[in-house]
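[1] Have a look; sequence and predicted model below, questions after that.
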Amino acid sequence: MKVVRSKIAENQAIADKIFRLSVEFEGEINPGQFFMLKTTDNAFLLPRPISVHDNCESRAVFLYRAEGSGTTKISTMKAGDELQLFGPLGNGFDLGKLNGRIAVVGGGIGAAPLLYLTKKLGNNADVYLGFKDCVYTVEEFKKFASNMLITTEDGSYGEKGYVTDYIDYGAYDVVVTCGPEIMMNKIMAECKKNNIACYVSLERRMACGIGACLGCVVMTKNGNKRACKDGPVFFSEELI
Amino acid sequence: MADLKTKVMGVEFKNPVLTASGTFGFGEEYSELYDLSVLGGICSKGLTLNKRDGNTGIRVWETPMGLINSIGLQNPGVDSFIKDELPRMKTYNTAIIANLGGHCEEDYFEGIYKLNDSDVDIIELNISCPNVKSGGMAFGIKASIAYNIVSKIKKICKKPLMVKLSPNAESISEMSIACEEAGADGLSLINTIQAMAIDIRKRRAVFNNTYAGLSGPCVKPIALRMVHEAVKSVKIPVCGLGGIMTAEDAVEFIMAGASLIQIGTANFVKPDIAVDIIKGLTEYMDREGIKNLDEIRGIV
């Protein structure tokens, strides 16, 4: 964990408002961890927490949606420009606990932290990705997924409808998910019903990214936990 | 080379740069990033007598060059602070300031009794938190109410007492004088400014408590004016804070008369920014031929 100024190797739109950003980074990263990213000017105040999409060749790769002022500004940065990079932060996924038959389920930009995880799981997980209409990063996942299933709400690609409707929960020992809350709530409920372990990666507004400001707390059965420091990955049974 | 050492409220500080309450936890997280002994001091997360879970709902919201927060004083309570946090904080080899808030007089008194017997260097009395429904800021609005609570606390407090003022006070000048007359050893200001944000998509206030506290560079000119006003009103030392992002900002507060400064929201922008500011202060003084900050303190 350190603060560095890092050069952008690539920052490209791969779908509507969806960008893949690659920056120089030397060091260990656990899948599920994130960095706080900020432009080096004063275009916006707080760094933005962005999860690691991939890590290879001394680069940290991020997948993000240019949604608000911060990420929109970051999306205008070009290769060679510098970013303030702080991380890697958070706990990430505990690979030691991901055993047996594994389903990895991503919804929209929630797919971002799951690619590096799937890669680390070594062609050992089935991957389910759900999108609203346009799909992205599917080809990257194909390289590491044991099986793939894609859904779009309008049926323009893959199966039609919600990805949660296509998972045979009984076929798995553990489900890992990241995406819209409504999707993750459905998956957590199904996993509970089927007595399957479930790990979720949560997204929260945060200021410091390291556990000091208490801006990103999550209510758990063991009291308030910090999404940035104690998470962003939580065991679903712990969450209220 | 410039000398940044300063003695304030009977406490020796390596330099005048402290980290502000609520932006630095109890230092542990930042200690993984840099050697905290470079700091002049650390103000603890706002403490209350008993543990608090803080507010529900959205807690932080960014505005143009500002941050609104509604944490609600989530903290482990004074006993846990003294037992679990303070021994580690003392190893950081820097001044430790306990920030104490309360709902009612009895809460403050009991907290003070406990902290009297601890190793903290200074108690920063928070009479200005805007994010707690009962108590909190109510003590920090009217000078007569502040005088009443501060004078009672001063009678039992064995540590140097620095009162943290609210920018929402009716008059900063009157509030400063009231605290000085009540026996405060120092003042710190400003706490966050009461503010609001609305989620137009949901058509409701962003925060469950509707109002919350604004900090960051957008409040700096207001904070600077209030520090200047407080310094002109009293003889006790004043610690200035509010939107300090650079060494140049810190110099402005010192020129306005601040004896110490605190770094708050900037810790979130760049977690090791206090190091940059201390270094920048030294460079500025060397460049300008200033040997000691007394040479420029309050010159404006």
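    Ah, there it is.
[2] Could you pull up the mean pLDDT of the top helix by length along chain A?
    Ranked by number of residues, the top helix in chain A under DSSP state H is helix A:181-193. The average pLDDT within helix A:181-193 is 95.
[3] Identify all contacting residues around it.
    Counting contacts by CB atoms under 8 Å, 6 or more residues apart in numbering or on different chains, the residues outside helix A:181-193 that touch it are A:105, A:107, A:110, A:130, A:162-164, A:167, A:169, A:175, A:177-178, A:196-198, A:200, A:236-237, A:239. Quick note: C-beta positions are derived from backbone N, CA and C, even for glycine.
[4] OK, contacts around residue 166?
    In the absence of a named chain, this looks at chain A. A:128, A:149, A:151, A:159.
[5] Chain B was what I was after
    B:127, B:128, B:130, B:137, B:140, B:141, B:175, B:189, B:190, B:191.
[6] and of these, the nearest to residue B:44?
    Nearest to residue B:44, judged by CB to CB, of those is residue B:191 at 14.8 Å.
[7] ok but that closest one is inside a strand, no?
    No. Using DSSP: H, G, I helix; E, B strand; the rest coil, the assignment for residue B:191 is coil, not a strand.
[8] From residue B:8, how far out is the closest residue to residue B:237 other than its chain neighbours?
    Excluding the flanking residues, the one nearest residue B:237 by CB to CB, 6 or more residues apart in numbering or on different chains is residue B:259, at 3.9 Å. Between residue B:259 and residue B:8 the computed distance is 5 Å (CB to CB, to the nearest Å).
[9] what does residue B:116 give?
    In this view, residue B:116 and residue B:8 are 20 Å apart by CB to CB.
[10] What are the buried residues along the helix or strand where residue B:155 lies?
    Assigning secondary structure by DSSP states H and E places residue B:155 in helix B:143-156. Of the residues in helix B:143-156, B:143, B:146, B:147, B:149, B:150, B:152, B:153, B:154 count as buried by neighbour count, 16 or more other CB atoms under 10 Å in any protein chain shown.
[11] Could you list every helix and strand that it packs against?
    Counting by 3 or more CB pairs under 8 Å, 6 or more residues apart in numbering or on different chains; DSSP states H and E, the packing neighbours recorded for helix B:143-156 are helix B:105-116, strand B:161-164, helix B:172-181.
[12] Need the winner for burial among the ones you listed.
    Of the helices and strands packed on helix B:143-156, the one with the most neighbours on average (mean count of other CB atoms under 10 Å in any protein chain shown) is strand B:161-164, at a mean of 27.
[13] quick one on the thing from earlier: adding distance to residue A:31 and pLDDT, write the buried residues of helix B:143-156 out as CSV.
    Converted to CSV, the buried residues of helix B:143-156 look like this (distance: CB to CB, whole Å; pLDDT from 0 to 100):
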residue, distance to residue A:31, pLDDT
B:143, 56, 93
B:146, 52, 93
B:147, 57, 95
B:149, 52, 93
B:150, 52, 95
B:152, 55, 96
B:153, 51, 96
B:154, 55, 97
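[14] Among those, which one sits closest to residue B:123?
    Nearest to residue B:123, judged by CB to CB, of these is residue B:153 at 8.6 Å.
[15] Please look at the closest one and residue B:147 and confirm they touch.
    No. Between residue B:153 and residue B:147 there is no contact under CB atoms under 8 Å: 11.0 Å.
[16] Contacts only, for the spatially most central residue of chain A.
    For chain A, the residue nearest the mean C-alpha position is residue A:113 (2.7 Å; CA atoms, centre = their mean). The neighbours of residue A:113, taking CB under 8 Å, 6+ apart as the test, are A:31, A:32, A:34, A:51, A:52, A:53, A:178, A:201, A:232.
[17] Specify the local secondary structure of the second one.
    Looking back up the chat, that one is residue A:32. coil.
[18] can you tell me how far it sits from residue B:271?
    As judged by CB to CB, residue A:32 and residue B:271 stand 21 Å apart.
[19] just to revisit the earlier point, burial measure for the residue lying closest to the residue nearest to the centre of chain A once chain neighbours are set aside, as a count.
    Distance criterion CB to CB, 6+ apart; nearest residue to residue A:113, sequence neighbours excluded, is residue A:51 at 3.9 Å. Using other CB atoms under 10 Å in any protein chain shown, residue A:51 has 27 neighbouring residues.
[20] so residue A:51 sits in a strand?
    Yes. Judged by three-state DSSP, residue A:51 forms part of a strand.
[21] what bridges to it?
    Beta bridges link residue A:51 to residue A:34 when assigned by DSSP bridges.
[22] distance of it from chain B?
    The gap separating residue A:51 from chain B is 18 Å, by CB to the nearest CB, to the nearest Å.
[23] Then residue A:124?
    For residue A:124, the distance to chain B - CB to the nearest CB - is 33 Å.
[24] ok, now which ones touch that residue?
    Residues in contact with residue A:124 (CB under 8 Å, 6+ apart) are A:102, A:146.
[25] and chain A, which of its residues are near chain B?
    A:1-3, A:38, A:42, A:44-47, A:70, A:84, A:86, A:205-217, A:219, A:223-224, A:229 (CB under 8 Å from any CB of the partner chain).
[26] What is the longest strand belonging to chain A packed up against?
    Ordering each strand of chain A by length in residues (DSSP state E) puts strand A:2-15 first. Packing partners of strand A:2-15 (3+ CB pairs under 8 Å, 6+ apart): strand A:18-24, helix A:69-75, strand A:82-89.
[27] any idea of the mean pLDDT in it?
    Averaged over strand A:2-15, pLDDT sits at 95.
[28] how much space between the residue of the stretch 101-250 of chain B found nearest chain A and residue A:106?
    Nearest to chain A in the stretch 101-250 of chain B, going by CB to the nearest CB, is residue B:216, at a distance of 6.0 Å. Distance of residue B:216 to residue A:106, given as CB to CB: 34 Å.
[29] ditto for residue A:21
    Going from residue A:21 to residue A:106 by CB to CB gives 18 Å.
[30] relative orientation of the helix or strand where residue B:97 lies and helix B:105-116 in degrees?
    If you go by DSSP H and E, residue B:97 is part of strand B:95-100. Angle, strand B:95-100 to helix B:105-116, by axes from the mean of the first three to the mean of the last three CA atoms, to 10 degrees: 160 degrees.
[31] Render the CA-only coordinates of strand B:95-100 in CSV, please.
    C-alpha atoms of strand B:95-100 as CSV (Å, rounded to 0.1, in the frame of the first residue of the first chain):
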residue,chain,number,x,y,z
ALA,B,95,1.6,14.7,20.9
ILE,B,96,-1.7,13.1,21.4
ILE,B,97,-4.8,15.2,21.7
ALA,B,98,-8.1,13.5,22.8
ASN,B,99,-11.1,15.0,21.2
LEU,B,100,-14.1,14.6,23.5
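[32] Show me what it is packed up against.
    strand B:11-13, strand B:41-43, helix B:86-90, helix B:105-116, strand B:122-126.
[33] what angle sits between it and helix B:143-156?
    Calculated by the same axes, to 10 degrees, strand B:95-100 forms an angle of 120 degrees with helix B:143-156.
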